[in-house]
Each structure stands twice: as C-alpha cells, then as structure tokens.
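Visitor: Turn this into a model:
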Amino acid sequence: MATSITIQQAATATGLSIHTLRYYEKIGLIDPVPRQSNQHRLYRQEDLNWIAFLLRLRATGMSIQQMLRYAELRRRGDRLASVSERKALLEQHTVALEAELLELQETLGMLRDKVALYARMEQQLQANHHE
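Guide: Numbers count the residues shown, from 1 in each chain. Model prediction:
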C-alpha cells in the first residue's frame, strides 16, 4: 500500500462512504486527516487502522457517543487516567457483548430445537401420507 491514500481509496478500503469519513472527522471520531496542498485528504495506514478499530466497535453495538469518548481519551495520550478509563470503557462493553452473545446462543439453540421438531414432524407427516 502507498504511504498515503485518497479519501476515495480510503472509502473503498474501509467500506465507508466518503460522506461518512468526512462526518467522522467532523465530529472528532477520526483525528484531522493530513491534506495535500490542494486540500485533498491523505489517509495514512494509522488512520485506516484506527477506522478499522472503530468499525469493529460499531459492529459490536458500541454507540457513537461511547466511541467519541474513547477517541477523546485516546487523544489524551498514554497517561494513567486515559489508559484506565479506556480500559474500563472496553471492559464494560465486553461484559455487555458477552451477555448479548449468551442470549444469542440461547436463542440459536431454541431455533435449532424448533427446526429439528419440524423436521421430525415433516418425516412423520410424509410417512403418514404414504400409507
């Protein structure tokens, strides 16, 4: 990959729209992206890595507000208070995600049981139909 890429290339690489990338930068979710002399943004690998992390958080249901808080803490640097609060935020999110996964696993088990029940019923009905 090149040292830096355009916003169009970043959109393609991340799966986000150009509009979303600009919006994330505007609200402070993404740090200001360096620009060329013509003011076109140039995304670096570190920008793409951060965006990939944000997408993972978003995919797990973290709110934009929580992500903004995390981004704010990250900008404060690796100081004890910042690191501790980021860790706590991720721990809380992890606990919530684990609870959601448990609920989904229970629901998946129930659905599998229903599918198996209907498969047995189909077999029984087909056997009765052939008699």
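
Visitor: can you point me to the longest helix in this structure?
Guide: In the chain, assigned by DSSP state H, the helix with the most residues is helix 80-130.

Visitor: Could you list the paired strands of the helix or strand of the chain with the lowest mean pLDDT along with their orientation?
Guide: Within the chain, no helix or strand scores below strand 4-5, which has a mean of 92 by mean pLDDT, DSSP states H and E. The strands that strand 4-5 pairs with in its sheet are strand 43-44 (antiparallel) (by DSSP bridges).

Visitor: where does this structure have low pLDDT?
Guide: Low-confidence segments of the chain, defined by pLDDT under 70, are located at 1-2.

Visitor: how does it look with 50?
Guide: Low-confidence segments of the chain (pLDDT under 50): 1.

Visitor: I'd say I5 and A13 touch.
Guide: Yes: I5 is in contact with A13 according to Cβ atoms under 8 Å; the separation is 7.0 Å. (Glycine included, C-beta is placed from N, CA and C.)

Visitor: quick one: which of those two has more around it?
Guide: Applying other Cβ atoms under 10 Å to I5 and A13 shows that I5 carries more neighbours, namely 19 against 14.
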